[in-house]
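Q: coordinates only, no sequence provided:
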């Protein structure tokens, strides 16, 4: 049995994390609008997708490293509930939900904001702590992510990179700016953005000695670096495309505009994916 | 299976979280099932005109009875006397979600209470 004071501290960290990571979204008009214009089926898919990411994140990088799947599920439900609650309170004090609105509008806004807050809660609980997490963490974590310095488990890396990409990219994805940039830049500039994204990703992962980088990539050869960076960028692009698709940014756009938006957002997603892989699991 | 290490507070948080998540999913499912595909259908209601320091105001309420949100709803209010247009006012409502209502005012220099007819209509809107 965990002492109550410790649980409270964990929830406190989660709440602060949720606010830190998702405040930009709570302050973004386009997200409020998406809350009432999105079809309820999209919102359901969004909730399910977020829950899947929470499960993955809690399993691979969460705070209870000796946890079984049941505990991971319970934690994910708690985080999602906290996310929804925080989102409702913040939206209310910001005057974004009022009691004369239709329930559809209120629930839509709370849901769409709450999901990002939930990921923030999850990351905050696991990452903002000073190490009073459950004992035996180091050992079991290494086991979980696939063993010490070499052979970092691909599935775990993938999930964490995806979470990082979504967490970062979601902050800018719903804004009008992505479409504006995508329609106004030339294809050469898009190419430059793509190359810079890949380069930044590889530098973050392999060159800057961020915490955790050693464990992730001991000393890869040139080919290893290229493969790693490309996979990283691919994850980032998939994350961007999914988020844009969800916010209806592809509707009625020419193919080049869709690709452009994905690449423009891909820069943010790459930063999230690569930094996420290092920072979100760097205890 | 290993015994869960949870204290009372954690079970309460879990319970509240579960209730919130399940009720949101239930509500969204109900909403998705009962939602049709009708385009925005906007009713325009006018209230009683009032005089202010620099003219006259006619309150206008817009209600969207359709199944989709309307963006940039342009509203036109016209004062008519003897079959001729006397004065025209326009305003735009940024968003009108389905089932929701928004209020605004049309502003005039002539007193709307002295004309024969006050007509209001929605001129157009975008799909968000």
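A: Structure's in. What do you need? This one's a predicted model, so the numbers in the text were calculated from it and none came from an experiment.
Q: how near is the residue in chain A that chain B sits nearest to to residue A:126?
A: For chain A and chain B, the shortest gap (Cβ to the nearest Cβ) falls at residue A:81, measuring 2.1 Å. Bear in mind the C-beta positions are built from the backbone N, C-alpha and C, glycine included. Using Cβ to Cβ, to the nearest Å, we find residue A:81 at a distance of 17 Å from residue A:126.
Q: then residue A:239?
A: Residue A:239 is 20 Å from residue A:126, by Cβ to Cβ.
Q: pick out whichever of those two has more residues nearby.
A: residue A:239 (29 against 25; other Cβ atoms under 10 Å in any protein chain shown).
Q: what's in contact with stretch B:115-128?
A: Applying Cβ atoms under 8 Å, 6 or more residues apart in numbering or on different chains, the set of residues contacting stretch B:115-128 from outside is A:33, A:37, A:248, B:40, B:42, B:44, B:46, B:49, B:58, B:60, B:62, B:68-82, B:86, B:90, B:95-96, B:106, B:112.
Q: show me the residue at the heart of chain A, geometrically.
A: Centroid-nearest residue in chain A: residue A:167, 2.6 Å away (criterion: Cα atoms, centre = their mean).
Q: next structured bit after the helix or strand hosting that residue?
A: Secondary structure assignment for residue A:167, by DSSP states H and E: helix A:154-169. Counting by DSSP H and E, the element after helix A:154-169 in chain order, helix or strand, is helix A:176-184.
Q: that following helix packs against which elements?
A: On a contact count with 3 or more Cβ pairs under 8 Å, 6 or more residues apart in numbering or on different chains; DSSP states H and E, helix A:176-184 meets helix A:255-279.
Q: just want the angle from the helix it packs on to helix A:154-169.
A: 110 degrees (axes from the mean of the first three to the mean of the last three Cα atoms, to 10 degrees).
Q: what packs against helix A:255-279?
A: helix A:154-169, helix A:176-184, helix A:187-206, helix A:213-216, helix A:222-246.
Q: okay, those, which one's buried deepest?
A: Greatest average neighbour count among those goes to helix A:154-169 (a mean of 23), per mean count of other Cβ atoms under 10 Å in any protein chain shown.
Q: for the record, mean pLDDT for that one?
A: Across helix A:154-169, pLDDT averages out at 84.
Q: now stretch A:86-99
A: 95.
Q: what's the answer for stretch A:200-220, then?
A: Across stretch A:200-220, pLDDT averages out at 71.
Q: what's the residue closest to the geometric middle of chain B?
A: Geometric middle of chain B (Cα atoms, centre = their mean) lands on residue B:101, at 2.8 Å.
Q: contacting residues around the closest residue to it other than its chain neighbours?
A: Distances taken as Cβ to Cβ, 6 or more residues apart in numbering or on different chains place residue B:63 nearest to residue B:101, at 4.4 Å, with adjacent residues excluded. Going by Cβ under 8 Å, 6+ apart, residue B:63 touches B:42, B:43, B:45, B:100, B:101.
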